[in-house]
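Engineer: Okay, sequence plus prediction incoming.
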Amino acid sequence: QVQLVESGGGLVQPGGSLRLSCAASGSIFSINAMGWYRQAPGKQRELVAAISSGGRTNYADAVKGRFTISRDDTKNTVYLQMDSLKFEDTAVYYCHAAVRGGVPPFITEYDAWGQGTQVTVSS
């Protein structure tokens, strides 16, 4: 199995910045897309940003120009740099990875999720 461990959440004032990290560990053969989702109280989980294995990125309209996703494949880690934070960015942020786990020829593909980290934007 593969575990995703997130860090970097917290309380920040509007206009401030936070950097989230998510490290994958376990029986990893390779990781395809990685991404960040968020879920605010009373709302559905939504995609914030994603990055392919080739480095192609995709952002939700609400965060374009303010958030930057990146990955370090040597560390199996994905990052989310969040700048110019707004009240409406308050949510639990979840890391996702499309994992190919195991050892050849016994490779399985599945979605792995982190436990979530709280981001609160408040004055």
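Structural biologist: Happy to help now that I have it.
Engineer: quick one, what contacts the spatially most central residue of the chain?
Structural biologist: In the chain, the residue lying closest to the centroid (CA atoms, centre = their mean) is residue 36, at 2.9 Å. Residues near residue 36 by CB atoms under 8 Å, 6 or more residues apart in numbering: 20, 22, 47-50, 69, 78, 80, 93-96. Any C-beta I mention is one placed from the backbone N, CA and C, and that applies to glycine too.
Engineer: Which of those ranks first by neighbour count?
Structural biologist: The most crowded member of the contacts of residue 36 is residue 78, carrying 29 neighbours; neighbours defined as other CB atoms under 10 Å.
Engineer: Output the lowest mean pLDDT helix or strand found in the protein.
Structural biologist: strand 106-113 (a mean of 91; mean pLDDT, DSSP states H and E).
Engineer: buried stuff in that strand?
Structural biologist: residue 112 (16 or more other CB atoms under 10 Å).
Engineer: That strand - contacts with which helices or strands?
Structural biologist: Strand 106-113 sits against strand 2-7, strand 91-103, with contacts defined as 3 or more CB pairs under 8 Å, 6 or more residues apart in numbering; DSSP states H and E.
Engineer: Repeat the analysis, applying 10 Å as the threshold.
Structural biologist: Contacts defined by 3 or more CB pairs under 10 Å, 6 or more residues apart in numbering; DSSP states H and E place strand 106-113 against strand 2-7, strand 18-26, strand 28-39, strand 91-103.
Engineer: Now do residue 65, the pLDDT please.
Structural biologist: pLDDT, the model's per-residue confidence, is 97 for residue 65.
Engineer: can you start the count at 55 instead of 1 from here on
Structural biologist: Sure thing, new numbering starts at 55, so read that last one as residue 119.
Engineer: who are the neighbours in contact with residue 127?
Structural biologist: Listed by CB atoms under 10 Å, 6 or more residues apart in numbering, the contact set of residue 127 reads 84, 85, 88, 107, 109.
Engineer: How much space separates the nearest residue to the last one once chain neighbours are set aside from residue 79?
Structural biologist: Of all residues not flanking residue 109 in the chain, residue 125 sits nearest, at 7.7 Å (CB to CB, 6 or more residues apart in numbering). Shown here: residue 125 relative to residue 79, a distance of 15 Å by CB to CB, to the nearest Å.
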